[in-house]
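Undergrad: okay, here's the prediction I keep looking at, along with the sequence it came from:
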Amino acid sequence: ETGVTQTPRHLVMGMTNKKSLKCEQHLGHNAMYWYKQSAKKPLELMFVYNFKEQTENNSVPSRFSPECPNSSHLFLHLHTLQPEDSALYLCASSQNTGTENEAFFGQGTRLTVV
Amino acid sequence: SQQGEEDPQALSIQEGENATMNCSYKTSINNLQWYRQNSGRGLVHLILIRSNEREKHSGRLRVTLDTSKKSSSLLITASRAADTASYFCATVKAAGNKLTFGGGTRVLVKP
């Protein structure tokens, strides 16, 4: 248990559905991240939030919409996804976005788009 | 382009043997980190080595860093079945704070 909790663990959604992924951390961290892990591809950084402000959007399509209401919670809103968006979505947090921070990861949400 | 690339992509060993995997990267870094991921789960931080460090130990783990060759190695000594996982290196650039992950090495430790 790393202190970062993601829900749901598994999600199957149609291409016309709207769903949200949730991430919660009680580690007192100020930075939170969304990563996408697809089969046979390196982990891809999607978004970075530091003190609730988005500091990085790694050219992510607008069908993925992040929300960070406070430093402990991070959401990823999904709408009109494509089958190629099926992947493991990992949330992580760190103390801040400094260079020597280790990242604490959640268990991930396995998303399947049908 | 990918910053960290692990080698080999997959490794199969017997329990008790040592496992060595390598990571190469392209640009100058502030530090390099190794993470472990059990199948379909989140990543767990193992060790961080700074660019001015050459070797670091943590339990059965030994990490080396050669900045002249832009490479790092992770050695797991006396492996156990529970070490079966994927291992990823991640680099943090000298002028940034973003973790950039490699493709990982899948390690299978057979009992």
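TA: Okay, I see it.

Undergrad: pLDDT wise, what is residue 72 at?
TA: No chain specified, so I'll use chain A. At A:S72, the pLDDT value in this model is 95.

Undergrad: the chain in question should be chain B.
TA: 97.

Undergrad: so how far is chain A from it?
TA: 16 Å (Cβ to the nearest Cβ, to the nearest Å). The C-beta positions use only the backbone N, C-alpha and C, and glycine is treated the same way.

Undergrad: so that residue sits in a strand?
TA: Yes. Judged by DSSP: H, G, I helix; E, B strand; the rest coil, B:S72 forms part of a strand.

Undergrad: show me the contacts for it.
TA: The contact partners of B:S72, taken as Cβ atoms under 8 Å, 6 or more residues apart in numbering or on different chains, are B:N22, B:C23, B:Y25, B:L32, B:W34, B:I49, B:V63, B:T64, B:L65, B:D66, B:C89.

Undergrad: now intersect those with the strands, please.
TA: B:N22, B:C23, B:L32, B:W34, B:I49, B:V63, B:T64, B:L65, B:D66, B:C89 (DSSP state E).

Undergrad: just to confirm, which helix or strand has the residue positioned nearest the centre of chain A in it?
TA: By Cα atoms, centre = their mean, chain A has its centre lying nearest to A:W34, at 2.9 Å. Following DSSP states H and E, one finds A:W34 within strand A:31-37.

Undergrad: my guess is B:Y87 contacts B:L74, does it?
TA: Yes. In this structure, B:Y87 is within contact of B:L74 by Cβ atoms under 8 Å, at 6.1 Å.

Undergrad: circling back: check whether the residue nearest to the centre of chain A really touches A:L74, as I assumed.
TA: Yes. Taking Cβ under 8 Å as the definition, A:W34 is a contact partner of A:L74 at 7.0 Å.

Undergrad: who touches both of these two?
TA: Common neighbours of A:W34 and A:L74 (Cβ under 8 Å, 6+ apart) are A:C23, A:P66, A:C91.

Undergrad: would you confirm that the first one contacts A:L74?
TA: Yes. When contacts are counted by Cβ under 8 Å, A:C23 is listed as touching A:L74 (4.3 Å).

Undergrad: shared neighbours of these two, anything?
TA: With Cβ under 8 Å, 6+ apart as the test, A:C23 and A:L74 both reach A:M32, A:W34, A:C91.

Undergrad: so how many other residues sit close to residue 108?
TA: Looking at chain A here, since you left the chain open. As a burial measure, A:G108 scores 24 neighbours (other Cβ atoms under 10 Å in any protein chain shown).

Undergrad: chain B was what I was after
TA: That count, for B:L108 with other Cβ under 10 Å as the rule, works out to 14.
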